[in-house]
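I need the structure of the sequence given here:
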Amino acid sequence: MSISLYYHPYSRAAGTLWALEEAGVDYDLKVIDIMKGEQKGPELVSKNPMGKLPTLVDGDVVVTEAAAIALYLADRYQPGKLAPALDDPLRATYLRWAFFAPSVIEPAVMAKQSGWTVKEVAAGWGNFASMLAAAESAIAGRSFVLGDTFSMADQVFGGTLRFMMDFKQIEPTPVFKDYVDRLNGRPAYQRAEAKNKAMREQLGLA
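As a prediction, the model looks like this:
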């Protein structure tokens, strides 16, 4: 059965297009008008109680959360290529930095911007400075998270860095910028961005 992605070009689902293109699978887009609150309607909420995008349906399988969707696609459709095998020691590094993006980068940025006062020892993201240092350590001196080989962890980790830099939430250090530039050159990313651009134009949002 075809994969369906509940999608809007101004949501996290826009990044999921890149994951789908990297996975090389056929899919269709179910456009949800988030401006009108359609994501909270019964069709989507029945699949994702959060009423949020992206939500992916693959046959009888429903996957939500952008990082989870990306890792699911890699394991399901490109095992051993976009995702290290279960017995490959590199899988630990793959999972580590894929989960670092939503678990550490995003809340650290939000905490800094919102002025949250938290005990660093209790916060899973530590502090903004330590987050940046750790993120740089993941890619310093290497092309991708796993070294010379692109994996779906780069789609999650790198996509998060790109977004944060685009919105001036993270400084584009040479290490971050060079890494994101490499990701931007990937044909799958360029195809996804072309589709996002076309959809924005189709919806009159360009």
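
Point out where this protein drops to low pLDDT.
Applying pLDDT under 70 to the chain flags the ranges 1.

at 90 what do you get?
Counting by pLDDT under 90, the low-confidence segments of the chain come to 1-2, 117-124, 206.

Tell me the secondary structure of the most centrally placed residue in it, please.
Nearest to the geometric centre of the chain sits Val156, at 3.7 Å (CA atoms, centre = their mean). Here Val156 is helix, with the state taken from DSSP: H, G, I helix; E, B strand; the rest coil.

Quick one: distance of the helix or strand containing Trp18 to the chain centre.
Trp18 belongs to helix 13-23 when elements are defined using DSSP states H and E. Its chain's average C-alpha position is 8 Å from that of helix 13-23, according to CA atoms, centre = their mean, to the nearest Å.

Kindly export it (C-alpha atoms) in PDB.
This file holds the C-alpha atoms of helix 13-23, laid out as PDB (Å, rounded to 0.1, in the frame of the first residue of the first chain):
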ATOM      1  CA  ALA A  13       6.100  17.600   7.800                       C
ATOM      2  CA  ALA A  14       8.000  19.700   5.300                       C
ATOM      3  CA  GLY A  15      11.200  18.100   6.600                       C
ATOM      4  CA  THR A  16       9.700  14.600   6.500                       C
ATOM      5  CA  LEU A  17       9.600  14.900   2.700                       C
ATOM      6  CA  TRP A  18      13.400  14.800   2.800                       C
ATOM      7  CA  ALA A  19      13.300  11.600   4.800                       C
ATOM      8  CA  LEU A  20      10.800  10.100   2.300                       C
ATOM      9  CA  GLU A  21      12.900  11.100  -0.600                       C
ATOM     10  CA  GLU A  22      16.000   9.600   1.000                       C
ATOM     11  CA  ALA A  23      14.100   6.400   1.600                       C
END
